[in-house]
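Peer 1: show me how the following folds:
(one chain, ligands or ions: 1)
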Amino acid sequence: MADDSGRGTAAARRGAEAVRSAGSSLTTERGWEYAPAPESREIVSIADEYGLFVNGEFGPAMNGATFPTINPATEEPLARVALAGPADVDRAVAVARTAYERVWGPMPGSERAKYLYRIARILQERSREFAVLESIDNGKPIKETRDVDIPLAAAHFFYYAGWADKLEYAGFGPAPRPIGVAGQVIPWNFPLLMAAWKLAPALAAGNTCVLKPAETTPLSALLLAEVCQQAELPPGVVNVLTGAGEVGAAVVAHPGVHKVAFTGSTEVGIAIAEAIAGSGKKLTLELGGKAANVVFDDAPVDQAIEGIVNGIFFNQGHVCCAGSRLLVQESVAEHVVDRLRQRLATLRLGDPLDKNTDIGAINSRQQLDKITELSAAGEAEGARRWSPPCELPKKGFWFAPTVFTGVSQSHRIAREEIFGPVLSVLTFRTPDEAVTKANNTQYGLSAGVWTEKGSRILWMAQKMRAGVVWANTYNRFDPASPFGGYRESGFGREGGRHGLAAYLDV
Ligand code: NDP
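Peer 2: Numbers count the residues shown, from 1 in each chain. Modelled structure (predicted):
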């Protein structure tokens, strides 16, 4: 690992000293530590090899190719997974088409709903298994997979099951029709949840799906495929093709796919938009972000600190809507940053399966390198770097929670999506300046406002160019609420009634 990752580095030592000199290390004050509380791995049995899920069955790729998936917290190999080739993509799209024309498309919505409800219930029944598997394959803390990812994934299936027989009342005309086969490509930051975001509305609307999970996190999508079998979903309605970016590119470009849904980087989103331009395919893109979390001087500081921490350190900052730019009113900036440092000193980083862990592993070496490189650029450009005292595990991919102060708008760490546990702090004096700075980004996915004044919340929400604005909270998700961005954060909405539009011929 590179030196500036925080593992016993100068930055970490400086952080330790800062906390000590402020007399604010709660770990020290507390004088005791949490005993390990590991969740058992026993509930999950990980196979040595996994196949593609096509036409309701698991099987190897036609050319027999496989790739490994590892535990990013330990670098331990977990399994080998089938690597789909062009022939597998052809087959998956063909069976999805057949299932669409013969079974799923003509099926009454009330019948489709029963399958979705069944999937939702099985997800709940097997939630511990999913939570453990997701933590192992992704590196995120078990308390997040257990309390956020898995319940929300089930909630999406429940929510869209409710719409399946009510599409004519969704506001898209008296008889909205599905589109056909949906090609869906998802990232590694919320593997199961993103699969649910994609599959649930598509299926409710009567489409069939070919889903491509991220190369580094294929296992929960494959377990979801097993759930589809268990729910006796008709063969071909959901197909899961594992592999790298080329598989995603082949799925979206396939002439048999009529709807493309993508979540991931802006760069790949642009490549997909170019690849399918002129094809008539319907496209939704949910891309990156560089959200402003704006704290005014009248904000309730305790809550704001929790919101800032949740905004950027939840899921190691691997969140497209992360509050990665903290804009804090100058008059309270010093106080807020001091309090934030005290709070960060209490976060526990380590074993993702430990129920006390707040910050888990970075998902891949590639992502760790990116975070490391951008953080180094922050220091080189003159921002002040701080991390709490934090011992990083010897194996695996880890990055200490990091706060940059003295950040200016031109710094790379204020402009580029870092997608890691790194917060850039900027200040403002007036509400107008806050709005100008918040909107000074090519992205427009989300934003947060912290203030006691309701009128200011409404004013800010109107002025900020962001698809989602949270007020006195952050990173709250609900299947009934639409989510999506402006500008380079993409277009189209997922979730809620709006999320159905992407999967209907309207
Ligand atoms: P990508 O955008 O590359 O990956 C997202 C998904 O797209 C993955 O399934 C990926 O496959 C697939 N993919 C890659 N290339 C293509 C292509 N040409 N056509 C179709 N599908 C493709 O994100 P990365 O994982 O590389 O992360 C890079 C950066 O993107 C991060 O550092 C972060 O800044 C941002 N990001 C943003 C996310 C968001 O939710 N907004 C989510 C993930 C990343 P494979 O996994 O095999 O590469």
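Peer 1: checking the residue in the stretch 351-500 of the chain that the ligand sits nearest to next. Helix, strand or coil?
Peer 2: In the stretch 351-500 of the chain, the residue that lies nearest the ligand is residue 419 (3.6 Å; Cβ to the nearest ligand atom). The C-beta positions use only the backbone N, C-alpha and C, and glycine is treated the same way. Secondary structure, DSSP: H, G, I helix; E, B strand; the rest coil: residue 419 is coil.
Peer 1: do the same with residue 447
Peer 2: With three-state DSSP as the basis, residue 447 sits in strand.
Peer 1: can you report how many residues neighbour it?
Peer 2: For residue 447, the tally of surrounding residues (other Cβ atoms under 10 Å) stands at 30.
Peer 1: ok, it to residue 162 distance?
Peer 2: 29 Å (Cβ to Cβ, to the nearest Å).
Peer 1: what residues does the chain put near the ligand?
Peer 2: Contacts of the chain with the ligand, taken as Cβ under 6 Å from any ligand atom, map to 185-189, 212, 214-215, 244-245, 248-249, 252, 263-265, 268, 271-272, 287-288, 320, 367, 370, 417, 419.
Peer 1: if we go to 5 Å?
Peer 2: 185, 187, 189, 214-215, 244-245, 248-249, 263-265, 268, 271, 288, 320, 417, 419 (Cβ under 5 Å from any ligand atom).
Peer 1: PyMOL command to pick out the buried ones of the residues you listed?
Peer 2: In PyMOL syntax, the buried subset of the residues of the chain next to the ligand is picked out as below (16 or more other Cβ atoms under 10 Å):
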select buried, resi 185+187+189+214+215+248+249+263+264+268+271+288+320+417+419
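Peer 1: now, which of the residues of the chain next to the ligand lie within helices?
Peer 2: Taking DSSP state H, the ones among these that sit in helices are 245, 248, 249, 268, 271.
Peer 1: out of those, who's nearest residue 86?
Peer 2: Among these, residue 249 lies closest to residue 86 (Cβ to Cβ), at 10.4 Å.
Peer 1: pLDDT score assigned to the closest one?
Peer 2: According to the prediction, residue 249 has pLDDT 98.
Peer 1: spatially nearest residue to it (excluding sequence neighbours)?
Peer 2: Excluding the flanking residues, the one nearest residue 249 by Cβ to Cβ, 6 or more residues apart in numbering is residue 275, at 6.8 Å.
Peer 1: that neighbour: what secondary structure?
Peer 2: What three-state DSSP gives for residue 275 is helix.
Peer 1: for residue 293, same thing?
Peer 2: strand.
Peer 1: for residue 212, what are phi and psi?
Peer 2: With angles defined as degrees, to the nearest 10, residue 212 sits at phi -120, psi 100.
Peer 1: oh, that last question was meant for residue 467, not what I typed.
Peer 2: Here is the backbone geometry of residue 467 (degrees, to the nearest 10): phi -70, psi -30.
Peer 1: and for residue 71?
Peer 2: Dihedral angles for residue 71 - degrees, to the nearest 10 - are phi -90, psi 110.
Peer 1: bridging residues for it?
Peer 2: residue 76 (DSSP bridges).
Peer 1: now do the same contact list for it.
Peer 2: Shown in contact with residue 71 (Cβ atoms under 8 Å, 6 or more residues apart in numbering): 78, 136, 137, 139, 396.
Peer 1: how about 7 Å then?
Peer 2: 78, 136, 137 (Cβ atoms under 7 Å, 6 or more residues apart in numbering).
Peer 1: got the buried residues for stretch 209-227?
Peer 2: 209-225, 227.
Peer 1: likewise stretch 329-340?
Peer 2: Using 16+ other Cβ under 10 Å as the test for burial, stretch 329-340 gives 329, 332, 333, 336, 337, 339, 340.
Peer 1: report the rounded mean pLDDT for it.
Peer 2: 98.
Peer 1: ditto for stretch 283-302
Peer 2: Mean pLDDT, stretch 283-302: 97.
Peer 1: now do it: distance from first to last residue.
Peer 2: Distance between the two ends of stretch 283-302: 41 Å, counting by Cα to Cα, to the nearest Å.
Peer 1: buried ones in it?
Peer 2: For stretch 283-302, burial by neighbour count (16+ other Cβ under 10 Å) applies to 283-297, 299, 301.
Peer 1: is it true that the residue of the stretch 351-500 of the chain closest to the ligand touches residue 317?
Peer 2: Yes. With contact defined as Cβ atoms under 7 Å, residue 419 counts as touching residue 317 (6.4 Å).
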